[in-house]
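Visitor: Kindly generate the corresponding structure for this input.
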Amino acid sequence: MDDVDRKILRELQQDSRKSFTKIAQKIGVSTATVSERVKRLTKSGIICGYTTILNTSEMGMVTLIAKIKTSQGYGAEDVGNEIAAMRESCCVHHVTGEFDLIVIAKCTGYNRCSDVIEAIKRTKGVESVDAELVLKTLKEELKVEM
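Guide: Just a heads-up that it's a prediction; the model follows:
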């Protein structure tokens, strides 16, 4: 990945609906160059898709953060993949430290958060769950600086 790729990725992170022509004009390369680079970045797995970013707090959704310890004999990644299949799961991270997994879920209300916590507890291989509900989100963004 070179500087042109980084410039293209920065532009797409700002607005993934921006045309390749506008990106090309902004960074000083041809439209064909942008098109070819985006195809290559997609094929290599760096670009995973395009989406709409929602303000879930404004939609009345509650963010749940669950820290999970897995039981002896169970792989954290296997347990994590099981939890990742839950429709509320947004992020599942296998981490170092006291816990094995950190899960971020978006729930439609506090009652649904309770249901999700209980579902996580019932997941085979989960030893314990330490769950917290977010009171206010100060920053939530998927963009990365390059």
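Visitor: mind listing what Gly75 touches?
Guide: Gly125 (C-beta atoms under 8 Å, 6 or more residues apart in numbering). Where you see a C-beta, it was placed from the backbone N, CA and C, and this is true even at glycine.
Visitor: ok, it to Lys124 distance?
Guide: 11 Å (C-beta to C-beta, to the nearest Å).
Visitor: All the helices of this structure, residue numbers only.
Guide: Ranges of helices within the chain are 3-14, 20-27, 31-43, 76-84, 110-122, based on DSSP state H.
Visitor: and the fourth one, which residues are buried?
Guide: Neighbour-count burial for helix 76-84, counted by 16 or more other C-beta atoms under 10 Å, picks out Ala76, Val79, Gly80, Glu82, Ile83.
Visitor: need those in TSV with distance to Gly97, can you?
Guide: As requested, these are exported to TSV (distance: C-beta to C-beta, whole Å):
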residue	distance to Gly97
Ala76	12
Val79	16
Gly80	15
Glu82	21
Ile83	18
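Visitor: just those now: which is nearest Asp5?
Guide: Gly80 (29.8 Å; C-beta to C-beta).
Visitor: List the contacts of the residue positioned nearest the centre of the chain.
Guide: When C-alpha atoms, centre = their mean is applied to the chain, the residue found nearest the centroid is Cys91 (4.8 Å). By C-beta under 8 Å, 6+ apart, Cys91 lies in contact with Ile102, Val103, Ile104.
Visitor: How about it: which residues does it bridge to?
Guide: Bridge pairing for Cys91 (DSSP bridges) gives the partners Ile104.
Visitor: Any figure for the gap between it and Ala66?
Guide: Counting by C-beta to C-beta - Cys91 and Ala66 are separated by 11 Å.
Visitor: Give me the common contacts of the two.
Guide: Ile102, Val103.
Visitor: on that earlier part again, which of the contacts of Cys91 tops the neighbour count?
Guide: Val103 (25 neighbours; other C-beta atoms under 10 Å).
Visitor: Just give the closest residue to that one, not the sequence neighbours.
Guide: Among residues not flanking Val103 along the chain, Ala66 sits closest, at 4.4 Å (C-beta to C-beta, 6 or more residues apart in numbering).
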